[in-house]
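**Q** Okay, sequence plus prediction incoming.
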Amino acid sequence: MKRKYTILLAILSLTVLFGCSRKEPMDSRQGVPDSAPAPVVTADKNTEERNQETKGNANKAEPVVVTINVTSESLTSDGKWLTVINSTKGRPAGSNLSPQLSWDEVEGASCYAVYMFDNSARYWLHWLAKNVTETTLPLGAELEDSKYEGPYPPSGTHEYEVIVYALKEAPAEYPGSFDNSNASVEAIEEKLDTANGLSGNIIGKGSITGTVTVGEPVE
């Protein structure tokens with residue numbers, strides 16, 4: 001009887017020992033079997049969309065604005081506007097005739113806009129010509145949709161800049177407060193650059209600058 005008990009105890013011991021030897025070894029750091037498969041990392045959907053958008057934006061070319069060459073017979077070689085373009089209330093008084101202008105034709109432009117600012121007086125707007133289809137304007141040009149008030153600086157020397165814009169389409173409104181000061185030329189250009197809800201309307205730009213000095217006639 002004792003011998004049978006001893007044999008039975010030996011069999012139980014071998015069974016327990018054999019069962020323990022088949023357990024998977026554990027990783028003491030993570031508590032997972034060494035043979036567990038590595039986690040699969042998947043890209044976040046939003047990250048992928050952002051990457052695609054970034055690539056798309058990189059491929060988009062910035063709109064090209066052509067530099068327009070602008071000349072004027074109303075400007076002397078030393079950079080002074082002829083007195084004839086001055087307002088009749090200027091000192092000296094002029095004939096209030098808009099300057100003669102010529103500029104390069106820009107391919108793709110349906111019309112041009114002409115602005116004249118007094119850069120020395122908070123961008124005072126002296127000339128706004130809309131929907132111009134010519135590239136040469138005579139002195140005192142009679143345009144269909146144009147407002148002109150020549151220079152009449154109160155004192156000293158002021159700088160007057162004429163800017164020509166080549167436009168894809170005529171905008172619904174031409175920005176700028178005529179015969180008054182304006183916040184900036186950039187603010188006007190930002191509005192002028194949009195037509196039919198789309199930006200990139202300015203496809204060409206050029207300017208010419210001269211001075212007018214109170215009390216100095218220029219013939």
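**A** Sure thing, it's come through.
**Q** quick one: the helices in the protein?
**A** Under the criterion DSSP state H, the chain contains helices at 2-21, 45-59, 185-192.
**Q** which stretch in these has the least confidence?
**A** When the helices of the chain are ranked by mean pLDDT, helix 2-21 comes last with a mean of 50.
**Q** correct me, but residue 140 touches residue 98?
**A** Yes. Between residue 140 and residue 98 there is a contact under Cβ atoms under 8 Å: 5.8 Å. Glycine gets a C-beta too; all of them are placed from N, C-alpha and C.
**Q** So for this protein, which residue is the most central one in space?
**A** residue 190 (7.8 Å; Cα atoms, centre = their mean).
**Q** Might you report the residue contacts of it?
**A** By Cβ atoms under 8 Å, 6 or more residues apart in numbering, the contact list for residue 190 is empty.
**Q** Same check on residue 174?
**A** Contacts of residue 174 (Cβ under 8 Å, 6+ apart): 113, 128, 130, 192.
**Q** Would you mind measuring from it to residue 195?
**A** Applying Cβ to Cβ, to the nearest Å, the value for residue 174 to residue 195 is 11 Å.
**Q** Tell me how many other residues crowd residue 148.
**A** 21 (other Cβ atoms under 10 Å).
**Q** An error on my part: the question was meant for residue 135.
**A** Around residue 135 there are 17 residues (other Cβ under 10 Å).
**Q** State the distance from it to residue 102.
**A** 7 Å.
**Q** how close does residue 105 sit to residue 68?
**A** 9 Å.
**Q** right, I mislabeled it, should have said residue 158
**A** Residue 158 is 24 Å from residue 68, by Cβ to Cβ.
**Q** Same question for residue 152.
**A** Distance, residue 152 to residue 68, by Cβ to Cβ: 28 Å.
**Q** I appreciate the help and will end here.
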